[in-house]
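Visitor: got a predicted structure here, sequence first:
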Amino acid sequence: MTFDVVGTLIDFESGLTSCLQDIAAEANVAIDSEEALSLYRAARYSGDADLFPDDLVRVYLAIAPRLGLPAEEAYGIRLRDSAKIWKAFPDSAAAMAELGRHYRLIAMTNARRWAFDYFAAALGNPFYAAFTADDTGTEKPDPAFFHKVFDFVAKDGADKSDILHVAQSQYHDIGVSRDLGMTNCWIQRRHAQPGYGGTIEPSQFTEPDYHFTSMAGLAEAVRTAHGS
C-alpha cells in the first residue's frame with residue numbers, strides 16, 4: 001500500500017489553522033478557519049511556490065494582510081515550524097499498525113524529508129519505505145513521482161498492479177493514480193464539511209475503487225478480509 005501523508009494521515013488543516021488562530025489571538029484579531037484555508041489554498045498553489053512546508057513562510061506573508069495578521073517573516077517561520085507538532089488524525093496510527101500486519105506500507109508525500117520525519121514519528125514509524133519531494137525531485141500529481149515508486153517496488157518483483165494507493169486528495173493522488181492504472185482508495189477526510197479546504201479542487205472528480213471516510217474504515221475492511 002502507498003499513502004499520501006499530509007491530509008490523509010496527518011491533520012494538516014487543523015495544524016495550520018491552530019497556528020494561525022494562536023497568532024490571531026496574540027494580535028487580538030478574530031479569523032475564520034475555513035476562510036484561512038481558502039486563502040492558503042490560493043496562495044499555496046501559485047506559480048512561485050516552494051517545496052512544502054518550507055513554502056509556508058511565503059504563504060503566510062501572502063495571506064496575513066487578508067486575515068488582518070501581522071505580515072512579518074517571523075510569523076511565517078512559526079507557521080512553517082508548526083509542522084513539527086502537527087498531529088496525526090486520531091485513527092491514523094492504529095490503522096497503520098493494523099495495515100502493516102498485512103502489507104508493506106510506503107509513504108508518498110509532497111513534504112520535504114525533514115517534515116516527513118516528524119510526521120512518521122507521530123504515526124509510530126509504520127513505513128517500509130518513504131518517498132518525499134526531496135527524494136523524487138518533483139511533487140504529486142506529477143506522474144514522475146509515482147514512477148519513482150514503481151521502480152522501487154519492481155526491485156522486489158512487484159509492479160503497480162500490486163499497489164493500493166490510499167489518499168484524501170482527488171487532485172494530487174486519486175485522479176493521477178487512476179490515469180496511471182493503479183487501484184486506489186479515497187479517504188474522504190472532509191466528508192462532514194463542504195468544499196476541499198486546504199487542498200486544491202480537481203478539474204474533475206474521480207470515482208475511486210474504494211472509498212472510506214476514515215483510515216479506521218479501511219483498516220476494518222482489511223481486518224475483515226483477512227479474518228483477523
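Guide: That came in fine, so what should we check first? Numbering: from 1, shown residues only.

Visitor: so which strand or helix has Ala219?
Guide: Applying DSSP states H and E as the criterion places Ala219 in helix 215-226.

Visitor: so what's Glu98 closest to, chain neighbours aside?
Guide: Ala219 (4.3 Å; C-beta to C-beta, 6 or more residues apart in numbering). Placement of C-beta: from N, CA and C, glycine included.

Visitor: show the average pLDDT along the one helix or strand Arg66 maps to.
Guide: For Arg66, the host element (DSSP H and E) is helix 56-67. What helix 56-67 shows for mean pLDDT is 97.

Visitor: buried sites along it?
Guide: By neighbour count with 16 or more other C-beta atoms under 10 Å, helix 56-67 contains the buried residues 56-64, 67.

Visitor: and whatever residue is furthest in space from the centre of the chain, how far from Gly227?
Guide: Largest separation from the mean C-alpha position in the chain: Asn28, at 30.6 Å (C-alpha atoms, centre = their mean). Asn28 is 57 Å from Gly227, where distance means C-beta to C-beta, to the nearest Å.

Visitor: also Ala133?
Guide: Taking C-beta to C-beta, one finds Ala133 at 38 Å from Gly227.

Visitor: and those two? Which one has more around it.
Guide: Neighbour totals were compared for Ala133 and Gly227, and Ala133 leads with 20 against 5 (other C-beta atoms under 10 Å).

Visitor: you'd agree that one is up against Ala107?
Guide: No: Ala133 is beyond contact range of Ala107, at 11.7 Å (criterion: C-beta atoms under 8 Å).

Visitor: backbone dihedrals for Thr183, please?
Guide: For Thr183, the backbone dihedrals (degrees, to the nearest 10) come out as phi -90, psi 140.

Visitor: count of residues packed around it?
Guide: 16.

Visitor: next: Arg189.
Guide: By the measure other C-beta under 10 Å, the count of residues near Arg189 is 21.

Visitor: quick one, what contacts it?
Guide: 7-8, 11, 89, 168, 213-214 (C-beta atoms under 8 Å, 6 or more residues apart in numbering).

Visitor: ok, now Lys87?
Guide: Per C-beta under 8 Å, 6+ apart, neighbours of Lys87: 10-11, 14-15, 122.

Visitor: can you pull out the helices in the protein?
Guide: Taking DSSP state H, the helices of the chain run over residues 12-26, 33-44, 56-67, 73-81, 92-99, 113-122, 133-136, 143-154, 175-179, 215-226.

Visitor: which residues sit against the third one?
Guide: Contacts with helix 56-67, where a contact means C-beta under 8 Å, 6+ apart, come from 16, 20, 24, 29, 31, 35-36, 39-40, 43-44, 46, 48-50, 69-73, 75-77, 79-80, 83.

Visitor: which of the residues you listed are buried?
Guide: Looking at these with 16+ other C-beta under 10 Å, the buried ones turn out to be 16, 20, 24, 31, 36, 39-40, 43-44, 69, 75-76, 79-80, 83.

Visitor: for the residues you listed, which one is nearest Asp117?
Guide: Ala83 (10.6 Å; C-beta to C-beta).

Visitor: any idea how far that closest one is from Phe205?
Guide: According to C-beta to C-beta, Ala83 and Phe205 sit 29 Å apart.

Visitor: burial measure for Asp162, as a count.
Guide: By other C-beta under 10 Å, neighbour count at Asp162 equals 15.

Visitor: just checking, it touches Phe150?
Guide: No: counting by C-beta under 8 Å, Asp162 stays clear of Phe150, with 10.1 Å between them.

Visitor: before we move on, the earlier item: pick out the lowest-pLDDT one from the buried ones among the contacts of helix 56-67.
Guide: Comparing these by pLDDT, Arg44 comes last, at 90.
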